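1. what's the 3D shape of this:
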Amino acid sequence: MFSFAHIEYLLLLVVLIPVVLLFVLNKRWKKKTKKKIGDEQLVNLLTANHSTKKFAAKFYVILAAIALTAVGAANLRTAGKAENVNRKGRDIIIAMDVSKSMLADDVKPTRLDKAKQFINKLLDQLPDDRVGLIWFAGKAYLPMPLTADQGAAKLYVQSAAPDAVPTQGTVIGEAMRLAAESFPQESKRYKVLLLITDGEDHDEAAENMARELKDKGILLLSIGLGTAEGSPITDPETKEFKKDNLGQTIVSKLNEPLLRQLAAVNGGLYGNLENTDEMLKEVTTIINQLEKKGVEGEVSNTNYNNYFFWFLTAALLLLILELFIHERKKA
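-> Predicted coordinates:
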């Protein structure tokens with residue numbers, strides 16, 4: 001099927017309208033001038049060497065050259081053979097919980113430090129992917145949009161701390177919504193959201209967001225940090241355990257059921273970050289499978305048979321031909 005690569009260039013055909021009008025007006029002007037002079041025989045004698053037919057032929061040749069140039073610039077084409085398309089690279093957003101509960105040390109050295117170690121190792125395994133970072137606690141924000149700069153990502157990860165998000169809490173749903181908005185909508189790359197949290201606060205919006213991510217083709221990999229028994233949280237300023245309003249020591253525990261449920265709704269993966277290397281292997285295996293699936297059976301018509309050369313060549317030949325058409329009659 002024929003189509004144009006740059007259909008906007010067909011607007012050049014509009015130029016033909018005033019050119020034709022000028023030609024018609026020129027012919028009328030010549031007739032009127034001839035009548036004004038009055039002696040038609042004298043005028044015919046004076047213009048005996050001028051050929052009106054050749055003058056018209058030159059005009060039509062130039063007109064055709066302009067039309068062919070416009071069509072050539074628009075590049076008439078037909079679809080070529082379909083080829084398998086390999087969509088290389090993936091977009092991965094890592095949403096990390098930086099609330100104070102991540103300072104609990106039921107996972108050594110702390111949940112937050114364990115998460116940082118995991119992310120740094122993961123970045124080394126994904127050199128060809130774009131990575132974005134989201135920090136969340138009582139609010140979620142995007143310190144680093146998607147980028148292929150792994151070095152910059154590591155610097156951001158290294159500096160992540162609870163004071164990066166002053167409002168405390170664990171708004172998992174908001175972090176997931178921000179991630180969904182941060183993926184390029186038109187991108188054909190595979191999209192993965194890696195959620196790293198203890199899931200301590202139950203967020204009712206999170207389950208709906210997990211479902212929405214699935215509808216948008218975003219795979220959710222939720223990774224839990226902490227233990228079911230939990231541990232006290234050391235306040236970084238006072239170096240004492242955090243206490244509630246009744247003076248009782250706060251014990252932070254991993255909310256594993258929530259994270260499992262989010263992964264199940266999305267069709268993704270849940271894993272506990274007890275062993276960094278095992279979790280790393282599991283996550284990278286899943287991510288690498290995404291690209292493998294994409295290679296199988298994807299077809300796209302990206303090759304075209306272009307015909308602009310023939311139109312532009314014809315236009316050039318007509319312009320050369322026009323040079324050899326003389327308005328004067330042969331003696």
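2. can you show me the helices along this structure?
-> 16-37, 40-46, 52-74, 111-125, 150-159, 172-182, 204-215, 256-266, 276-295, 308-323 (DSSP state H).
3. counting by contacts, list what the fourth one packs against.
-> Translated: helix 111-125. Where contact means 3 or more C-beta pairs under 8 Å, 6 or more residues apart in numbering; DSSP states H and E, helix 111-125 is packed against strand 90-97, helix 150-159, strand 190-197, helix 276-295. No exception for glycine: its C-beta is placed from N, CA and C like everyone else's.
4. please repeat the previous calculation with a cut-off of 6 Å.
-> helix 150-159, helix 276-295 (3 or more C-beta pairs under 6 Å, 6 or more residues apart in numbering; DSSP states H and E).
5. over to the shortest one?
-> Using 3+ C-beta pairs under 6 Å, 6+ apart as the contact definition, helix 40-46 packs against no other helix or strand.
6. coming back round to it: TSV for the helices and strands packed on helix 111-125, including distance to Leu316 and mean pLDDT?
-> Conversion of the helices and strands packed on helix 111-125 to TSV gives the following (distance: least, C-beta to C-beta, whole Å; pLDDT from 0 to 100):
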stretch	distance to Leu316	mean pLDDT
helix 150-159	51	91
helix 276-295	44	80
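7. now mean neighbour count too, for those, in JSON lines please.
-> JSON lines is the format used below for those (neighbours: other C-beta atoms under 10 Å):
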{"stretch": "helix 150-159", "mean neighbour count": "15"}
{"stretch": "helix 276-295", "mean neighbour count": "14"}
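8. any chance of these in JSON lines, plus distance to Thr313?
-> Formatted as JSON lines, these follow (distance: least, C-beta to C-beta, whole Å):
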{"stretch": "helix 150-159", "distance to Thr313": "49"}
{"stretch": "helix 276-295", "distance to Thr313": "40"}
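9. which ones are touching Leu290?
-> If you count contacts by C-beta atoms under 6 Å, 6 or more residues apart in numbering, Leu290 has them with Tyr190.
10. repeat that with 10 Å
-> Leu290 is in contact with 87, 90, 189-192, 219, counting by C-beta atoms under 10 Å, 6 or more residues apart in numbering.
11. min pLDDT across the residues you listed, which one?
-> Lowest pLDDT within the contacts of Leu290 is found at Arg87 (46).
12. returning to what we had before: which one of the contacts of Leu290 is nearest to Ala160?
-> Closest approach to Ala160 among the contacts of Leu290 (C-beta to C-beta): Val192, at 19.4 Å.
13. quick revisit: the helices and strands packed on helix 111-125: which one's closest to Gly38?
-> It is, among the helices and strands packed on helix 111-125 and with distance given as C-beta to C-beta, helix 276-295, at 83.1 Å.
14. angle of the closest one against helix 111-125?
-> 40 degrees (axes from the mean of the first three to the mean of the last three C-alpha atoms, to 10 degrees).
15. helix 276-295 to strand 90-97, inter-axis angle?
-> Using the same axes, to 10 degrees: helix 276-295 against strand 90-97 is 150 degrees.
16. who wins for proximity to Gln125 among the helices and strands packed on helix 111-125?
-> Counting by C-beta to C-beta, Gln125 lies closest to helix 276-295 out of the helices and strands packed on helix 111-125; the figure is 4.8 Å.
17. just the CA atoms of the closest one, as CSV, please.
-> Only the C-alpha atoms of helix 276-295 are listed here, as CSV (Å, rounded to 0.1, in the frame of the first residue of the first chain):
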residue,chain,number,x,y,z
THR,A,276,21.1,-10.6,48.6
ASP,A,277,22.8,-12.8,46.1
GLU,A,278,19.8,-15.2,45.8
MET,A,279,17.3,-12.3,45.5
LEU,A,280,19.6,-10.7,42.9
LYS,A,281,19.7,-13.8,40.8
GLU,A,282,15.9,-14.2,41.0
VAL,A,283,15.2,-10.6,40.0
THR,A,284,17.7,-10.5,37.1
THR,A,285,16.4,-13.8,35.8
ILE,A,286,12.9,-12.4,35.6
ILE,A,287,14.0,-9.1,34.0
ASN,A,288,16.2,-10.9,31.4
GLN,A,289,13.3,-13.1,30.5
LEU,A,290,11.3,-10.0,29.5
GLU,A,291,13.7,-9.3,26.6
LYS,A,292,13.7,-12.9,25.6
LYS,A,293,9.9,-12.9,25.3
GLY,A,294,10.1,-9.8,23.2
VAL,A,295,12.3,-11.4,20.6
